[in-house]
Structure formats: structure tokens, C-alpha cells
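**Student:** whatever this is, show me its structure:
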Amino acid sequence: QVQLVESGGGLVQAGGSLRLSCAASGRTFSNRRMGWFRQAPGKEREFVANIRWSGGSTYYTDSVKGRFIISISRNSAQNTVYLQMNSLKPEDTAVYYCAATPKLWTTFNVGDYDYWGQGTQVTVSS
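**Tutor:** Predicted coordinates for the structure are as follows:
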């Protein structure tokens, strides 16, 4: 059974930092791309960043370029996808979701991702 479990969300002041983690288990993800999405109240879920399971080929939405960094840690005990978020802004406030897609080339489409975590709330105060 595939499990993606996010953690690390919370309340932070504008300009602050948070690191989100996504623990991935239950299958091999070696032929997949991992992504982070977010959904603010009343808005559609939107792409934030993604990375190949091998650790290369990262992509970011324009609004987070230069502030967010996606990375992967792979070992026998635990596989984890991280999203380091710096210089946070109130408009970054959302529920953040980890997801996996079988597409090796980058995709920003929610429908292309077939595994999702439960989400973690990030709130940035002004």
C-alpha cells in the first residue's frame, strides 16, 4: 500500500522559513517524479515543484523560484521528499500536498499524479 505522509507545516511570520517532509513508502518510486502542490481556501490546487526520484531535473512554479527548494533523501530505512521554503509570504498560505506521478518528464497537471498525501497546513502571517 502506497503511503505519502507530509509533515512540517505550521504557522510562521512573513520572511520566515519552514521545511516540509513527505515520507514515501509502500512501493518503488524509482521510475516516478515526486511533486509538491498547494491549495489555498477557495482556490484550485496548484503545482509548486517537482523532482525526479533520482534527484535531478527539478521544476518550480514562477512564484516560488529562488525561495523554495525541492530535494529527495533515499536510503534503505526511509525515502523522503523535502520542500525547503524560505522568505515566506502571506500568499504562500495553503495546504501543501505531496504527490507522485508515473511521468518521468515534468508535469504540472494535478490529474497526472496518482498518489497523494493527506496534506499539511502552512500559514504565513503578515
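
**Student:** point to the residue nearest the middle of this protein.
**Tutor:** Averaging the C-alpha coordinates of the chain gives a centre point, and the residue nearest to it by Cα atoms, centre = their mean is W36 (2.3 Å).

**Student:** who does the helix or strand harbouring that one pair with, and is each partner parallel or antiparallel?
**Tutor:** Assigned by DSSP states H and E, W36 belongs to strand 33-39. With DSSP bridges as the test, strand 33-39 is paired with strand 46-52 (antiparallel), strand 94-101 (antiparallel).

**Student:** so which elements touch the helix or strand just after the shortest one?
**Tutor:** Spelled out, that is strand 46-52. In the C-terminal direction, the helix or strand that comes right after strand 46-52 (DSSP H and E) is strand 59-60. Judged by 3 or more Cβ pairs under 8 Å, 6 or more residues apart in numbering; DSSP states H and E, the packing partners of strand 59-60 are strand 46-52. Where you see a C-beta, it was placed from the backbone N, CA and C, and this is true even at glycine.

**Student:** buried ones in the strand it packs on?
**Tutor:** For strand 46-52, the neighbour count (16 or more other Cβ atoms under 10 Å) marks F47, V48, A49, N50, I51, R52 as buried.

**Student:** now render the strands paired with strand 33-39 as TSV, adding mean pLDDT and distance to L83.
**Tutor:** Formatted as TSV, those follow (pLDDT from 0 to 100; distance: least, Cβ to Cβ, whole Å):
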stretch	mean pLDDT	distance to L83
strand 46-52	97	7
strand 94-101	97	7
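
**Student:** redo those strands as JSON lines? Include distance to S21.
**Tutor:** Shown next, in JSON lines, are the strands paired with strand 33-39 (distance: least, Cβ to Cβ, whole Å):
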{"stretch": "strand 46-52", "distance to S21": "14"}
{"stretch": "strand 94-101", "distance to S21": "9"}
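
**Student:** of all those strands, which lies closest to A77?
**Tutor:** strand 94-101 (18.4 Å; Cβ to Cβ).

**Student:** before we move on, the earlier item: nearest to A24 among the buried residues of strand 46-52?
**Tutor:** Using Cβ to Cβ, I51 comes nearest to A24 of these, at 12.0 Å.
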